[in-house]
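Peer 1: Need a 3D model of the following:
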Amino acid sequence: MRALIFGVLFIPLYTGASTLDCKTSLKEKTHLAPDLNAIQHLSPDPMKKDVIQFLTSIKGKSVTLIGDLMMDENARGNEAGMVPDGAHPYVVIGSTEYLPGGAANAAMNLRALGLNVKLIGVIGDDSIGKKLIELLKDSGVDTSGILVDKNRPTTHKQRIWMSGQQMIRIDSESTEKISEDIEARLLTQVRSNLSDSILLSDYGKGVLTKSLSLQVLQWAEQNQMPSIVDPKGNDYSKYQNATVVKPNQSEALKATGRRDLKSEEEIFEIASQIQQNSGIGNVLISRSEKGMILQSVTQRKYQVPTHARQVSDVVGAGDTVVASLAAGLAAHLPLEIVMQIANLAAGIKVRDHHGVYAVTAEDLEKEVGRTP
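Peer 2: Numbering: from 1, shown residues only. A predicted model of the protein is given here:
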C-alpha cells in the first residue's frame, strides 16, 4: 500500500521571500529557523483565502508525471455465502467500477485541480490497458507518453467488496525492470515536454529504474523544474537531485535498515540519514495518524498534525498529497501554504472516499468553508 499521508509540512525556502523561484535550487535557498534543534509546529488548517489563491494560481499550470500506471477495479457484491461443501465463501458481483490507480491516480488528482498533465509510463497490450487509456483521455490527461509493452501486463488491482468491507484484493502485474529500449523511449518523452514541475510516482513495478530516475531528475534540475518523488524500495540514491522526496514512515524505516522507532526524535535522524546517503535536499515523512515531519536541507525540523479526524479508507491518499505538492511547486506558491492544502486534500480523501479518488477544487473550497 502506498504512503498514508494525513498531515503536511512547510518548507521555508528563502530569507526574505515566500515564493518558490524555480531558477534557484531549494538546496541553496532554505530559510533558516532560529533554533536548529527546535521543531516548528504548523497548523493543519489552511485559511480560505489561501485555498482560493492556490486554486487560482495552479489552474492551467503543467506537470510532467512519470511512473507506474495501474488500473484499480472495485467489484461490489450483492450476495455472499458459503459454497455447498463449506470449503470457501463466494460473492455474487452486482456492480463494477474502474478507476486509474498509481501514477494514473496522481494524474487524475492533478486534472481535478485544473492542471495540464502529460502522463508517461507503460501499459500492456491488453483490454485493461486500453480501458485505462480511455479513462485518462476522458479526463483530459495527455496520454501520448504512454507506451505499450507486449512483454508485460497492465498492472491491475481488483478489490472485492461486500457490505462496505473489502474481502480480498487480486493483483495482476509484473515487477520486472523495463527494457533498455523502453527506458530510452520514456526518457525521450520526458525530455520532449518542458513543464512547470515534474512528479515521479514509483510503485516498484519496474518503470522507474535507477538509470531512468537519475536521468529524469538530472534533466529536471538542469531545466530548473522542481521535482517531487513518491519513492519505493531501499535505494534512495536513485532519487538524487530531487527537490522533495516523500516516503511514509514504514518506507523510511526500511530504506535506513531499521525495524521501528525507539523514540520520536529518531524519525528526524532517519530523515537526515536519507539525505546524507542519497543527495536529496528535503525529506518529508508521512506518519499516518501522527501527521508528517520534514527534515529540510539545512537540517531544520518541522511537524504538522493530521487534518483527518476520522478515516474511511487510505488507498490513494499519497497520490493526492504528491499531486497537490506538484501543483503548488508548478505555481511557485509558498510551500507552507501548499502543504497545508495538501494536508487538507488528503484529509478529505481518507475521510469521505473508499478507493482511489481525485480531490477536486470544489472539495477543497467546501472543506475550508467548514473549518473553524
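Peer 1: Helices of the stretch 201-350 of the chain, start to end?
Peer 2: 210-222, 249-255, 266-278, 317-330, 335-352 (DSSP state H, counting those that start in this stretch).
Peer 1: Mean neighbour count, distance to residue 126 and mean pLDDT for those - can I get that in CSV?
Peer 2: All C-beta atoms are positioned from the backbone trio N, CA, C, and that covers glycine. Supplementary listing: these in CSV, determined by neighbours: other Cβ atoms under 10 Å; distance: least, Cβ to Cβ, whole Å; pLDDT from 0 to 100:
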stretch, mean neighbour count, distance to residue 126, mean pLDDT
helix 210-222, 18, 23, 97
helix 249-255, 20, 29, 94
helix 266-278, 18, 35, 92
helix 317-330, 30, 23, 92
helix 335-352, 26, 29, 82
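Peer 1: Of these, which is nearest residue 106?
Peer 2: Nearest of the helices of the stretch 201-350 of the chain to residue 106, taken as Cβ to Cβ: helix 317-330 at 4.2 Å.
Peer 1: just to revisit the earlier point, dump the helices of the stretch 201-350 of the chain to TSV, plus distance to residue 150.
Peer 2: Output for the helices of the stretch 201-350 of the chain, formatted as TSV (distance: least, Cβ to Cβ, whole Å):
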stretch	distance to residue 150
helix 210-222	20
helix 249-255	31
helix 266-278	34
helix 317-330	27
helix 335-352	35
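Peer 1: Quick check: which of the ones you listed is nearest to residue 177?
Peer 2: The nearest among the helices of the stretch 201-350 of the chain, by Cβ to Cβ, is helix 210-222 at 9.2 Å.
Peer 1: Which strands and helices lie in contact with the closest one?
Peer 2: Contacts defined by 3 or more Cβ pairs under 8 Å, 6 or more residues apart in numbering; DSSP states H and E place helix 210-222 against helix 180-191, strand 197-201, strand 227-230.
Peer 1: need the ones you listed in JSON lines with mean neighbour count, mean pLDDT and distance to residue 297, can you?
Peer 2: Below are those laid out as JSON lines (neighbours: other Cβ atoms under 10 Å; pLDDT from 0 to 100; distance: least, Cβ to Cβ, whole Å):
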{"stretch": "helix 180-191", "mean neighbour count": "16", "mean pLDDT": "98", "distance to residue 297": "25"}
{"stretch": "strand 197-201", "mean neighbour count": "30", "mean pLDDT": "98", "distance to residue 297": "18"}
{"stretch": "strand 227-230", "mean neighbour count": "28", "mean pLDDT": "96", "distance to residue 297": "14"}
